[in-house]
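Trainee: Pasted the sequence and its predicted model underneath.
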Amino acid sequence: MTTDLWCLILLSIGAYLITSRIIPRFRDVFIRANLFGIDLCKSTGAEVPEAVGVLCGCVFLVCMFLFIPARFGQEFIRQKESFPHHELVEYITALLGVTCILLLGFADDVLDVPWRVKLLLPAIAALPMLLVYYATFDITFVVVPKPLRPFVGQSIDLGWLYYMYMMMVVVFSTNAINILAGINGLECGQTVVIALSVLSYNCFEIYMGEVPSHAHYFSVHLLLPFIGTSAALLRYNWYPAQVFVGDTYCYFSGMLFATIGILGHFSKTLLLFFIPQVINFVYSVPQIFHFVPCPRHRLPRYNKLTNNIEMSTVRFKQKDLKFLGRASIGILESMGLLSVQRNVGENREYTECNNFTLVNLILKLFGPMHERSTTIIILLIQILCSCAAFAIRYPLARLFYDV
Ligand code: UD1
Ligand code: MG
């Protein structure tokens, strides 16, 4: 292992220790600044500091500021002429993206912006990265899977569509984590599992050493301090949560993954590690696009008597539903994926169904359970999906690509 990697490992351990120390010290500061939320799955009604992810973001940035001289210092002194400027630009761009998204995410936590704007914020923060991609790589062709090659050739140049795709990767990864949320430890837990999975993928690729591994080292360099600081946050966000991560952290982690995937040229593989988030997004589509009414909070309902959480529901008048709403409810109900009760409430003109989230779906399939058990089950699903991602990426990909 090289000296800069040792230095990074020490910095990441430092990131864990410092984040663990500062989170409890900042709890009262956040509450005094009115940055708190009520834990809706508890009966205490206690104020829990929110947006604590901003502390992780700051610790991460400081780690990277200290690491960059260690990573490039020797090359700068020894070989000024052949200094790898494009590599330095990638690191600086990643940090610029993270800084932008921390600012926008924190603004969201403070101002509670509407959903349309939430979708836009990551797209704005992605612009510097796309600009750097354009100026340095501008590779916009994709390799065509083997079965389609007789029809369309070896590769297709997608041009500006590729930039749209990259923008969508950023918007998806940031929001996908934010909507698979609402129970203690879930946002941070899924992020740590994804980060460890991507890190394992990078280490495997470096070990195999078939292609230049610069992109994978770049990813490892960003992931290690991120895992250090996130592990500390998870300690405090785990059931019973002493702090909430806030939208700041969801955007920060999503942006970091997207940057690694895009600048490291493995955005398609990256998306394989987001299988539960993709399922949650697809399942959520009817509510996100308002085919079915979407309440402000879709997190599960707490049952004081049993101390368990159960599916939360949404109630609406049958006749208010348009074709797409009726169709999505009908399809999901026939597949056994939605619990629907018709003709309820006043004049029996209401329909009630569970909110369309993976957390509610798990509670429908397994029945009501303790909040901590629900988080553990979803994280186990995330781990299983990461194993499936490796199976798809290696054995199955060989059927479709020359890898
Ligand atoms: C997203 C979800 C929303 C979900 C919320 C919970 C969509 C479209 N939006 O909204 O349905 O209710 O996340 O995070 O899917 N909270 C808890 N326990 C937790 C975490 C959060 O009770 O473990 C509550 C707290 O009251 C906290 C609030 O959720 O203040 C945070 O919600 P926020 O992140 O602002 O919600 P959104 O991201 O807008
Ligand atoms: Mg949120």
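Mentor: Received, thanks. Ligands and ions are numbered 1, 2, ... in the order given.

Trainee: For my notes, confirm residue 314 occurs in a strand.
Mentor: Yes: counting by DSSP: H, G, I helix; E, B strand; the rest coil, residue 314 is found in a strand.

Trainee: where does the chain dip in pLDDT?
Mentor: Along the chain, segments meeting pLDDT under 70 span 1, 210-212, 403.

Trainee: all helices of the stretch 51-200 of the chain, in order?
Mentor: 53-78, 85-111, 115-136, 149-152, 160-179, 186-208 (DSSP state H, counting those that start in this stretch).

Trainee: can you check the stretch 201-350 of the chain too?
Mentor: 214-237, 246-263, 267-272, 275-288, 323-334.

Trainee: Would you mind listing the buried residues in the longest one?
Mentor: In terms of neighbour count (16 or more other C-beta atoms under 10 Å), helix 214-237 has its buried residues at 215-237. Placement of C-beta: from N, CA and C, glycine included.

Trainee: what do you get for stretch 389-397?
Mentor: Buried, per 16+ other C-beta under 10 Å, within stretch 389-397: 389-390, 393, 397.

Trainee: Mind checking if stretch 309-321 is in reach of ligand 1?
Mentor: No: using C-beta under 6 Å from any ligand atom, stretch 309-321 never reaches ligand 1; the gap is at least 8.6 Å.

Trainee: what does that stretch contact?
Mentor: 41, 183, 287, 291-295, 297-303, 329, 339, 342-345, 349-355, 360, 363-364, 368-371, 374 (C-beta atoms under 8 Å, 6 or more residues apart in numbering).

Trainee: Only whichever of those residues are buried, select them in ChimeraX.
Mentor: This is how ChimeraX selects the buried members of the contacts of stretch 309-321, with burial counted by 16+ other C-beta under 10 Å:
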select :41,183,287,291,292,294,298,299,300,301,302,329,339,350,351,353,354,355,360,363,364,369,371,374
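
Trainee: Most proximal residue of the stretch 51-200 of the chain with respect to ligand 2?
Mentor: Using C-beta to the ion, the single residue of the stretch 51-200 of the chain nearest to ligand 2 is residue 178, 4.5 Å away.

Trainee: Quick check: chain neighbours aside, which residue is closest to that residue?
Mentor: In space, and not counting its chain neighbours, residue 178 is closest to residue 250: 3.8 Å by C-beta to C-beta, 6 or more residues apart in numbering.

Trainee: How about stretch 39-50 and ligand 1, any contact?
Mentor: Yes: interface with ligand 1: stretch 39-50 contributes 39-41, 50 (C-beta under 6 Å from any ligand atom).

Trainee: and of the residues you listed, the nearest to ligand 2?
Mentor: Closest to ligand 2, out of all of those and judged by C-beta to the ion, is residue 50, at 9.1 Å.

Trainee: quick revisit: now the helices of the stretch 201-350 of the chain in a markdown table, please, with extra columns for distance to residue 134.
Mentor: What follows is the helices of the stretch 201-350 of the chain, written out as a markdown table (distance: least, C-beta to C-beta, whole Å):
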| stretch | distance to residue 134 |
| --- | --- |
| helix 214-237 | 17 |
| helix 246-263 | 12 |
| helix 267-272 | 15 |
| helix 275-288 | 27 |
| helix 323-334 | 37 |
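
Trainee: now for these, which one comes closest to residue 132?
Mentor: Among the helices of the stretch 201-350 of the chain, helix 246-263 comes nearest to residue 132, with 7.7 Å by C-beta to C-beta.

Trainee: Give me the angle between that closest one and helix 275-288.
Mentor: 120 degrees (axes from the mean of the first three to the mean of the last three C-alpha atoms, to 10 degrees).

Trainee: re the thing from before, okay, the residue of the stretch 51-200 of the chain closest to ligand 2 and residue 33: tell me how far apart.
Mentor: Distance of residue 178 to residue 33, given as C-beta to C-beta, to the nearest Å: 22 Å.

Trainee: Give me the more crowded residue out of the two.
Mentor: For residue 178 versus residue 33, the count of surrounding residues by other C-beta atoms under 10 Å is larger for residue 178: 22 against 12.

Trainee: Enumerate every residue touching the more buried one.
Mentor: 118, 187, 247, 250-251, 254.

Trainee: before we move on, the earlier item: just the buried subset of the residues of stretch 39-50 next to ligand 1, please.
Mentor: 39, 41, 50.

Trainee: residues in contact with the first one?
Mentor: Residue 39 makes contact with 46, 48, 184, 240-241, 244 under the criterion C-beta under 8 Å, 6+ apart.

Trainee: Just want the residue of the stretch 301-403 of the chain that's nearest ligand 2.
Mentor: Counting by C-beta to the ion, the stretch 301-403 of the chain gets nearest ligand 2 through residue 357, at 12.4 Å.

Trainee: Spatially nearest residue to that residue, not counting backbone neighbours?
Mentor: Nearest non-adjacent residue to residue 357 (C-beta to C-beta, 6+ apart): residue 298, at 5.1 Å.

Trainee: Likewise for residue 252?
Mentor: Nearest non-adjacent residue to residue 252, counting by C-beta to C-beta, 6+ apart: residue 57, 4.9 Å away.

Trainee: Could you do residue 87 as well?
Mentor: residue 214 (6.9 Å).

Trainee: Pull up the residues of the chain that are close to ligand 2.
Mentor: 178, 247 (C-beta under 5 Å from the ion).

Trainee: partners of the closest residue to ligand 1 within the chain in the sheet?
Mentor: Closest residue of the chain to ligand 1, C-beta to the nearest ligand atom: residue 37 (2.0 Å). Beta-bridge partners recorded for residue 37 (DSSP bridges): residue 48.

Trainee: I'd say it and residue 46 touch.
Mentor: No: shown here, residue 37 and residue 46 do not form a contact pair, counting by C-beta atoms under 8 Å, at 10.2 Å.
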